[in-house]
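> Just to be clear, the model below is a prediction. Sequence and coordinates:
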Amino acid sequence: MEKINAVITGVGGYVPEYVLNNDELSRMVDTNDEWIMTRIGVKERRILNEEGLGTSYMARKAVKQLLQKTGTEPDEVDCVIVATTTPDYHFPSTASIVIGRLGMKNAFALDMQAACCGFLFAMDAAAGMISSGRYKKIVVCGADKMSSIVDYTDRATCPIFGDGAAAVMVEPTTEEYGWMDSYLRTDGKGLPFLCMRAGGSVCSPSYFTIDHRMHYLHQEGRTVFKFAVTNMSDASALIAERNNLNKDNIAWVVPHQANVRIIEAVANRLELPMDKVMLNIQRYGNTSAGTLPLALWDYEKQLKKGDNLILTAFGAGFTWGASYVKWGYDYNASKK
């Protein structure tokens, strides 16, 4: 039996209309454009500010566009995996809401929680499912409404994050394209440095947790930065070496958009110029699980069949990893 590879056959995305730029942010909290651009690299971020809309709304928009672009009927989809840290509810899953709203009658749904590595981990799971031969069409979506958990009185973290979602279609192929290799890790050491301290089963909501702002994202930036630089760079270098990839045959690096200095460090480690790095942090900020698929969505028109891509991310847990993707289509050829 021929080996089945899992290939991305399309990308859909969505970012909210409302733009929160650095000037407006500097009126909310003690910061300024120069400080944010120098240390983080974010010029503006999108915010889903309509009342009553959550992560599933953005995910639904992204998946709907994906179905249209790939000419896929909702009932053809076998599974939807939504990677998110900001689900609509503790339960049911955000993916179940997406499936219900889009009428995917033949699919099952699950959420993946691996923080900013969510899309990377979910893609690896989807690739394994496709390679088993049991599934034909899996939608993997990275979506986060980070504005719902960011403390806009915390000048160190609030400039970093934004809201957005993007999704890919994953299908089988017997050609040598697709999700070729991954190196994924979790160490369990990151809890004190990057977490939401309350709202879970260890510390359920109370007047105390609300008064002490424990339902917002807590991050110790210096520690997280140091681990992210080391682990994303090491993972990317390992994947490159394992697959005989180098500065001459890597078309693109797709890094998690957390901080422009981390991204530059990864590019330096791989000896790649920044024009081979997908970069949109300046427009969207860190959308957590949304960063990698949003980068693919933004750059889709520039991708060519056979391009070698390295995707890499780092998140709470700590979680980190890198994957090698051999891109499976030309944009013009894929347009219906």
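Arrived safely, thanks for sending. Computed from a prediction, not measured in an experiment: that's the story for all the values here.

> quick one: Gly315 and Met112 touch, right?
No - with contact defined as CB atoms under 8 Å, Gly315 does not reach Met112; the gap is 11.6 Å. Every C-beta, even on glycine, is put in place using the N, C-alpha and C of the backbone.

> which of those two has more neighbours?
Gly315 (29 against 25; other CB atoms under 10 Å).

> Show me whatever sits in contact with both of Gly315 and Met112.
Shared contacts of Gly315 and Met112, defined by CB atoms under 8 Å, 6 or more residues apart in numbering, are found at Gly118.

> so where's the stretch 201-336 of the chain shaky on pLDDT?
For the stretch 201-336 of the chain, applying pLDDT under 70 flags the ranges 333-336.

> What are the boundaries of the strands in the protein?
With DSSP state E, the ranges of strands along the chain come out as 5-14, 19-21, 44-46, 79-83, 108-112, 138-145, 163-173, 178-186, 194-196, 217-219, 252-255, 308-315, 319-326.

> Using TSV, lay out the ones you listed together with distance to Met274.
Compiled in TSV, these are given as follows (distance: least, CB to CB, whole Å):
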stretch	distance to Met274
strand 5-14	22
strand 19-21	23
strand 44-46	20
strand 79-83	26
strand 108-112	30
strand 138-145	23
strand 163-173	22
strand 178-186	23
strand 194-196	26
strand 217-219	25
strand 252-255	10
strand 308-315	15
strand 319-326	18
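
> most tightly surrounded among the ones you listed?
With neighbours defined by mean count of other CB atoms under 10 Å, none of those is more surrounded on average than strand 138-145, at a mean of 32.

> so what strands line up beside it?
Neighbouring strands of strand 138-145 in its sheet, by DSSP bridges, are strand 79-83 (parallel), strand 163-173 (antiparallel).

> what's the offset of the longest one from the middle of its chain?
The gap between where strand 163-173 is centred and where its chain is centred comes out at 10 Å by CA atoms, centre = their mean, to the nearest Å.

> what inclination does that strand have with respect to strand 178-186?
Orientation check (axes from the mean of the first three to the mean of the last three CA atoms, to 10 degrees): strand 163-173 against strand 178-186 gives 130 degrees.

> and the angle from strand 163-173 to strand 5-14?
Relative orientation of strand 163-173 and strand 5-14, computed by the same axes, to 10 degrees: 150 degrees.

> same question, the first one
Inter-element angle recorded for strand 79-83 and strand 5-14: 60 degrees (by the same axes, to 10 degrees).

> Quick check: mean pLDDT of strand 79-83?
Averaging pLDDT along strand 79-83 yields 99.

> How far away from the center of its chain is that strand?
Distance, stretch centre to chain centre, for strand 79-83: 12 Å (CA atoms, centre = their mean).

> So for Ala240, which of the strands of the chain sits nearest?
strand 308-315 (6.4 Å; CB to CB).

> To Met58, which of the strands of the chain lies closest?
Among the strands of the chain, strand 163-173 sits nearest to Met58 (CB to CB), with 3.7 Å.

> okay, the closest one in PDB with CA atoms only?
The C-alpha trace of strand 163-173 is given here as PDB (Å, rounded to 0.1, in the frame of the first residue of the first chain):
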ATOM      1  CA  ASP A 163      -7.600  38.500  18.000                       C
ATOM      2  CA  GLY A 164      -7.900  36.400  14.900                       C
ATOM      3  CA  ALA A 165      -8.500  33.000  13.300                       C
ATOM      4  CA  ALA A 166      -7.300  31.000  10.300                       C
ATOM      5  CA  ALA A 167      -8.000  27.400   9.100                       C
ATOM      6  CA  VAL A 168      -6.500  24.900   6.700                       C
ATOM      7  CA  MET A 169      -7.900  21.900   4.900                       C
ATOM      8  CA  VAL A 170      -5.900  18.700   5.300                       C
ATOM      9  CA  GLU A 171      -6.300  15.900   2.800                       C
ATOM     10  CA  PRO A 172      -4.500  12.700   1.800                       C
ATOM     11  CA  THR A 173      -2.000  12.500  -1.100                       C
END
